[in-house]
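Q: Take a look and give me a structure for this.
(one chain, ligands or ions: 2)
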Amino acid sequence: MSNFLEVKNVTKQFGGVVANRNVSFTIEPGKITGLIGPNGAGKSTMFNMVSAVFPPTEGEIWFEGKRIDKLPTYKMATLGISRTFQNLQVFKKMTVLENVMVGLHTRTTTGLLAAALKLPKSKQEEAFIYEKAMEELRFVEIEDIRDVVAGNLSLGKLRLLELARALATEPKLLLLDEIAAGLNHQETFEMSKLIRRIQNRNISIFVVEHDMDLVMNICDKIIVLDQGEKIAEGTAKEVQSNERVIEAYLGADDEEEVIV
Ligand SMILES: Nc1ncnc2c1ncn2[C@@H]1O[C@H](COP(=O)(O)OP(=O)(O)OP(=O)(O)O)[C@@H](O)[C@H]1O
Ligand SMILES: [Mg+2]
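A: Ligands and ions are numbered 1, 2, ... in the order given. Okay, here's the model as predicted:
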């Protein structure tokens, strides 16, 4: 069952910086897998490779028996991989509903450019996209603000919007990049419940997250990176009591935020 997502001996170098060094792991279908580690550990870099933002320097990434590490980013949604972004990527002047619909237009024949230019599409296709977008807005419970312009939303609502857009492509694997960053305690709690509801739809989830309560609460398995290398892998209990993990976190400088 381990050929759902498989990362094999992946190394990523940026000039002289080794962001990931010989990292291997698998993600099992139907599970929530966490990727944690101190600042600069290489989490975002790994995430970007799994979602084909850029390729590894060495190593391979396989998804459902297909090698994906050399594919262009736009192929990911078709394969069944979608993601949210740490630095939100919404169209601020569009409404909530339009933002989710645009995400779906990219999957259809005429694409994003056509959506932006508002070229005519078949009525049936348009209706399908509308229905699908509404379904996901209802799922994340923001259908009541569907006509609000995204630029006017709170961070919490923006994160839900991004989630709805990622879900609308019906992914098999959903990557969540710090989905709880900046959320308050209550919003974080609601988010963890929502992530479980997503798992119940039989969608596998891969999360990069700094909120340890959230990670320890929801993850079936946690992978720990430190300075580009995988130092531990296991259940929340296992990684929490792992000597190398404790050492890595104690030695980490929390003040230093690396933004890609
Ligand atoms: N595009 C890039 N160009 C050059 N160096 C990069 C690039 N992206 C990441 N790095 C470097 O690779 C290393 C790993 O960075 P990465 O952003 O993956 O860490 P991270 O675990 O996501 O950290 P954080 O928790 O702070 O987000 C860092 O030393 C970083 O400076
Ligand atoms: Mg990061």
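Q: Let me know how buried residue 27 is, in neighbour terms.
A: Residues near residue 27, counting by other CB atoms under 10 Å, number 24. (Each C-beta comes from the backbone N, C-alpha and C, glycine too.)
Q: who does it bridge with?
A: residue 5 (DSSP bridges).
Q: The protein: strands as residue ranges?
A: Ranges of strands in the chain, per DSSP state E, are 5-14, 17-27, 32-36, 58-63, 66-67, 81-83, 173-177, 204-208, 221-226, 229-234.
Q: How about the longest one and ligand 1, any contact?
A: Same thing as strand 17-27. Yes - applying CB under 6 Å from any ligand atom, one finds strand 17-27 in contact with ligand 1 at 17, 19.
Q: who does that strand touch, helix- and strand-wise?
A: The helices and strands touching strand 17-27, judged by 3 or more CB pairs under 8 Å, 6 or more residues apart in numbering; DSSP states H and E, are strand 5-14, helix 43-50, strand 58-63, strand 221-226, strand 229-234.
Q: Show me the contact partners of the fourth one.
A: Put plainly, it is strand 221-226. With contacts defined as CB atoms under 8 Å, 6 or more residues apart in numbering, strand 221-226 is touched by 20, 23, 25, 28, 31-38, 41-43, 46, 215-216, 230-236, 239, 242, 244-245, 248.
Q: Buried ones from those residues, can you make that a PyMOL selection?
A: Burial among these is assessed by 16 or more other CB atoms under 10 Å; the matching PyMOL selection reads:
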select buried, resi 20+23+25+32+33+34+35+36+37+38+41+42+43+46+215+216+230+231+232+233+236+239+242+245+248
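Q: Now tabulate the helices and strands packed on strand 17-27 in a markdown table and tack on mean pLDDT and distance to residue 135.
A: Listed next are those as a markdown table, based on pLDDT from 0 to 100; distance: least, CB to CB, whole Å:
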| stretch | mean pLDDT | distance to residue 135 |
| --- | --- | --- |
| strand 5-14 | 98 | 26 |
| helix 43-50 | 95 | 26 |
| strand 58-63 | 98 | 25 |
| strand 221-226 | 97 | 30 |
| strand 229-234 | 97 | 35 |
